[in-house]
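Enquirer: Sequence first, predicted coordinates after that:
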Amino acid sequence: MKVYQCIKDFKNVNRPIVTIGTFDGVHLGHQAIFSRMKEEARKTGGETVVITFHPHPRLVLYQDSIHLKFINTREKKTERLEKAGIDHLVIIPFTKEFAQNSSEQFIEDYVVKYIHPAKFIIGYDHHFGKNREGNIALLERLKDKFGYEVEEVPPFYVDGVPVSSTRIRNLLHEGNVKEANRMLGYEYAITGEVVRGKALGRKIGYPTANLELPNEYKLIAANGVYACRVIVKNQVYKGMGNIGVRPTIDHGDLTIEVNIFDFDEEIYGEKITIEFVDRLRDEKKFENIEALKQQLAKDKEHSIRIL
């Protein structure tokens with residue numbers, strides 16, 4: 001996948017099949033759009049082009065969006081788009097100045113001028129541009145003028161519920177990673193560098209790898225204990241993770257840590273990925289360390305059954 005940090009750098013390709021969006025999550029709904037784009041590209045000899053924005057428009061335009069969190073970091077989103085088989089990713093720097101362009105100006109002065117789309121394939125109810133005035137109706141109105149086709153992809157449903165990034169974020173805030181994963185089409189994950197903790201887990205027989213917290217805009221699932229898969233140096237291990245403040249032995253700042261089963265290597269400074277498969281229980285304060293150890297033994301057995 002070719003990545004462009006400026007739309008003006010885009011090189012002409014044969015019959016670009018284009019979509020536009022922020023695509024937080026790269027979930028099953030987004031993947032349905034990408035599948036349709038790839039199908040169209042194969043049929044017509046074209047190439048797929050995703051146009052997205054960085055930073056997220058809401059972070060630039062609305063002060064109250066400082067609390068907005070994202071399912072994937074920018075790097076992970078790029079990785080997932082490449083894994084989805086997209087040919088070209090155009091990342092438009094989003095500024096307040098850029099935001100002054102009307103939706104029609106954006107299509108004409110940016111997308112048509114530099115990409116020359118043969119066809120737009122857009123998700124249902126998608127809006128873009130100033131005041132979110134851009135939509136499928138605008139693209140339809142301009143298609144004869146600029147000589148492209150337009151197709152709208154219907155919503156993708158899981159158990160009768162339309163998949164959306166907002167719905168997935170809400171599930172993660174609740175700790176319902178199992179349902180969120182079904183809508184994502186993969187497992188919600190956190191990648192970070194292993195840093196030195198207080199070695200409290202090792203003292204009670206459950207050593208943990210402590211992750212440096214990701215960037216401030218990464219959505220962290222609800223506090224609790226989770227069955228996890230852990231990727232270390234391209235190897236996948238089973239484990240159980242904890243998001244929280246460790247109320248029995250520490251009660252400090254928020255931590256993300258994972259006990260990796262059948263693993264005994266020093267990995268400080270390594271980047272690892274924790275994939276959260278299912279939530280086992282709430283984080284809770286136990287009467288003493290022995291009660292905590294007994295619960296951790298049960299958590300490990302539960303995790304192994306799930307994994």
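Expert: Thanks, I have it.

Enquirer: Is it correct that Ile92 is in contact with Asn101?
Expert: No - between Ile92 and Asn101 there is no contact under C-beta atoms under 8 Å: 10.5 Å. In short, each C-beta sits where N, CA and C put it, glycine included.

Enquirer: tell me the contacts of Ile304?
Expert: Applying C-beta atoms under 8 Å, 6 or more residues apart in numbering to Ile304 gives the contacts 238, 261.

Enquirer: Could I get the full set of strands for the protein?
Expert: 2-4, 16-20, 47-54, 88-93, 119-123, 149-153, 157-158, 161-162, 189-195, 209-211, 224-232, 235-244, 255-260, 271-281 (DSSP state E).

Enquirer: Sketch out the low-pLDDT regions of the chain for me.
Expert: Within the chain, the segments meeting pLDDT under 70 span 63-66, 199-201, 247-251.

Enquirer: returning to what we had before: so which of the strands of the chain gets nearest Met183?
Expert: For those, the distance to Met183 is smallest for strand 157-158, at 5.4 Å, taking C-beta to C-beta.

Enquirer: Distance from that closest one to the middle of the chain?
Expert: Distance of strand 157-158 from its chain centroid, counting by C-alpha atoms, centre = their mean, to the nearest Å, is 18 Å.

Enquirer: Buried residues, stretch 123-139. List them.
Expert: Within stretch 123-139, the residues scored as buried using 16 or more other C-beta atoms under 10 Å are 123, 126, 128-130, 134-136, 138-139.

Enquirer: same deal with stretch 233-243?
Expert: Residues 237-243 are the ones in stretch 233-243 that count as buried (16+ other C-beta under 10 Å).

Enquirer: Can you give the distance from that stretch to the centre of its chain?
Expert: Distance, stretch centre to chain centre, for stretch 233-243: 19 Å (C-alpha atoms, centre = their mean).

Enquirer: Equivalent analysis for stretch 39-54, please.
Expert: 20 Å.

Enquirer: same check, this time on stretch 146-164
Expert: Per C-alpha atoms, centre = their mean, the centroid offset for stretch 146-164 relative to its chain is 19 Å.

Enquirer: what's the span of that stretch, first residue to last?
Expert: This stretch, stretch 146-164, spans 31 Å end to end (C-alpha to C-alpha, to the nearest Å).

Enquirer: ok, and what's touching it?
Expert: 27-29, 31-33, 36, 40, 107-108, 112, 117-125, 136, 139-140, 143, 167, 182-183.

Enquirer: From the residues you listed, list the buried ones, please.
Expert: By 16+ other C-beta under 10 Å, the contacts of stretch 146-164 give 27-29, 31-33, 36, 40, 107, 112, 117-123, 136, 139, 167, 182-183 as buried.

Enquirer: list residues touching both of Ile92 and Asn101?
Expert: With C-beta under 8 Å, 6+ apart as the test, Ile92 and Asn101 both reach Tyr110.

Enquirer: and the two? which has more neighbours close in?
Expert: Ile92 (19 against 15; other C-beta atoms under 10 Å).

Enquirer: list the contacts for the residue nearest to that one when sequence neighbours are not counted?
Expert: Leaving aside its chain neighbours, Ile92 sits nearest to Phe53 (5.1 Å; criterion: C-beta to C-beta, 6 or more residues apart in numbering). Applying C-beta under 8 Å, 6+ apart, we find Phe53 in contact with 22, 91-94.

Enquirer: and if you look at Ile7?
Expert: Ile7 neighbours (C-beta under 8 Å, 6+ apart): 51, 90, 92, 110-111, 114-115.

Enquirer: If anything else comes up later, I'll come back, but that's it for now.
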